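Undergrad: Generate coordinates for the sequence data below:
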Amino acid sequence: MREDLSVKQAFEATVQFIRKALKKYTLFVLHLSPHQNMLQGILMYMIAGWIILSLPFMDNGEVSLIDNLFTAAAAASTAGLTTVNFAQSYTFLGKLVVLIIIQTAGIGYMTMSSFLYLSFSHRLRHRHTEVLNTEFALPRTVRLQDFLRAVIIFTLLAELIGAGFLYNYFIRHDFSPFDATWYAVFHSVSAFCTAGFSLFPDSLMSFADSKTINTVISLLSLAGAMGFIVVTDIFNRIVGRTREISYTTKIIVFSTLMALLLCSFFILITNPGLAPSAVLFQAIAAMTTSGFNTIPMASLAVSSYLVIMALMSIGGSPSGTGGGLKTTTVTCLVATVSSHLFGRKHITFLGRQIPLHRLYIANSTFIFYIFMLFVTLFLLTWAEDLPFIELFFEAVAALSTAGISLGTTEKLGFLGKLIIIATMIIGRVGVITFGMALLKRDEDELEEEEEHLKREDLAV
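TA: Below is the predicted model:
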């Protein structure tokens, strides 16, 4: 009787502790800005994944705590960089945990949790909406409710179709029904979420000649990286909610195609021995930041590294699963330069004038991205005794959340791993969101301060 009573008391005390902890956490969340909320959410998500991956039956017993943290961070940021051979180092359960982290992180942890918040107070629902607006940059033509619905439906549909094609391929190549299903689902999710994790020790190099694998993985990566704005926009046009495709969608499609074709050409002429299909696949993997590779990266010409780094830096598109600066940001930068060179009074692109506040965001993003890249590279060159080009490539891959590496990740020491972990998380939340989470001040205080500022001219 006493034992039953003590067990009951322990259970009630545990429940009470959890309730108090959740209440304190909710109050903590309410006092954070949307940008701080997003950052802490991803950090908590990464830490939870780290704790689970550190359980004894999740790996083969040879993965250290720092490597488990690195894997959790790479999955939570959908970066795909690994300090160990993922396919050989983790058990089925460990890989399943990583798959769940990738899926949730790929479409946004706030999207996955949005329906849970409906039962909370109006104040918390309002704060949740603010965080969603921070995570997903949407044009005024797209409603948040329609967007969230499109995210869930399109993600599941695209991954299901992709898994179907991959299953058909694997089952015809001596995979058992279970293995064919597992490999198909994992790589379909990893490709759509542009995570770059693979169940094969050499990524996808064993399938360099497979048209099915190359085509399906490329299309899934493009579908995820080009963003849910495009999907929502096209769906609204088909059902008649809108009369034409939005300017944002046109820019995304145009800039993605132009960057892929131009950079594929440069990679091809610097590596004449490669097949055009292999070059295009690698260009797509770099720009979508999916991180897969079908050719050894170390075999490419050094000049190709610069092109691939440029593609990784451009990255995907707003509200997509890819990282990087985003295609629309780069478009704004190109429009600013070209309009100035041609002597135009306004910033225009494809016959349309771009709003000043969007240009302001684009320029801020680019400058802060370069600053964070410099900081990361400085710290890496200080902490690691490795070739500069390898560290430069690694820094770009981490900040752009692209899983492509020159084999440098596994060579990193403890401090180097911590630097890359921090860089991947910053890249996942976005450099501007990270900066505002650290530096943003109260709006009323800023308005009062700006009222007393004197305007001056500055020679540029």
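
Undergrad: Can you tell me how far Leu257 is from Leu399?
TA: As judged by Cβ to Cβ, to the nearest Å, Leu257 and Leu399 stand 24 Å apart. Bear in mind the C-beta positions are built from the backbone N, C-alpha and C, glycine included.

Undergrad: same question, Phe392
TA: Counting by Cβ to Cβ, the gap from Phe392 to Leu399 is 11 Å.

Undergrad: And these two? Which one has more around it.
TA: Shown here are Phe392 and Leu399; by other Cβ atoms under 10 Å, Leu399 has more neighbours (29 against 20).

Undergrad: Would you confirm that the more buried one contacts Met372?
TA: Yes. Under the criterion of Cβ atoms under 8 Å, Leu399 makes contact with Met372 at 6.1 Å.

Undergrad: Now for those two: what residues contact both?
TA: Thr423, Ile426, Val431 (Cβ atoms under 8 Å, 6 or more residues apart in numbering).

Undergrad: Counting neighbours, which of those comes out on top?
TA: Thr423 (29 neighbours).

Undergrad: quick one: it from Thr381, how far?
TA: According to Cβ to Cβ, Thr423 and Thr381 sit 14 Å apart.

Undergrad: quick one: low-confidence parts of the chain?
TA: For the chain, applying pLDDT under 70 flags the ranges 1-8, 22, 25-34, 108-148, 440-452, 457-458, 460.

Undergrad: one more time with 80
TA: By pLDDT under 80, the weakly predicted segments of the chain are 1-39, 41, 106-152, 227-229, 231-232, 235-244, 319, 432-433, 435-460.

Undergrad: any idea how it splits into domains?
TA: Annotated domains of the chain cover 16-137, 143-192+202-323, 325-438 [automatic domain parsing].

Undergrad: Redo these as JSON lines? Include distance to Gln9.
TA: Listed next are the domains of the chain as JSON lines, based on distance: least, Cβ to Cβ, whole Å:
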{"stretch": "domain 16-137", "distance to Gln9": "10"}
{"stretch": "domain 143-192+202-323", "distance to Gln9": "42"}
{"stretch": "domain 325-438", "distance to Gln9": "40"}
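
Undergrad: now for those, which one comes closest to Ala10?
TA: Of all the domains of the chain, domain 16-137 sits nearest to Ala10, with 10.5 Å by Cβ to Cβ.

Undergrad: And the strands in this protein, which stretches?
TA: Remark: strands assigned in the chain by DSSP state E are 348-349, 352-353.

Undergrad: winner for burial among those?
TA: strand 348-349 (a mean of 16; mean count of other Cβ atoms under 10 Å).

Undergrad: Which neighbouring elements make contact with that one?
TA: helix 327-341 (3 or more Cβ pairs under 8 Å, 6 or more residues apart in numbering; DSSP states H and E).

Undergrad: Distance of Ile361 relative to Lys326?
TA: Distance from Ile361 to Lys326, by Cβ to Cβ: 10 Å.

Undergrad: Equivalent analysis for Thr248, please.
TA: In this view, Thr248 and Lys326 are 11 Å apart by Cβ to Cβ.

Undergrad: pretty sure Val334 is touching Phe349, no?
TA: Yes. Assessed by Cβ under 8 Å, Val334 is found in contact with Phe349 at 7.3 Å.

Undergrad: Look up how far Leu53 lies from Ala275.
TA: Ala275 is 37 Å from Leu53, where distance means Cβ to Cβ.

Undergrad: Looking at these two, which is more packed in?
TA: Leu53 (24 against 13).

Undergrad: The nearest residue to Phe393 once chain neighbours are set aside: what's it in contact with?
TA: Closest residue to Phe393 apart from its sequence neighbours, by Cβ to Cβ, 6 or more residues apart in numbering: Leu406 at 5.3 Å. By Cβ under 8 Å, 6+ apart, the contact list for Leu406 reads Met297, Ala298, Tyr305, Ile389, Glu390, Phe393, Glu394.
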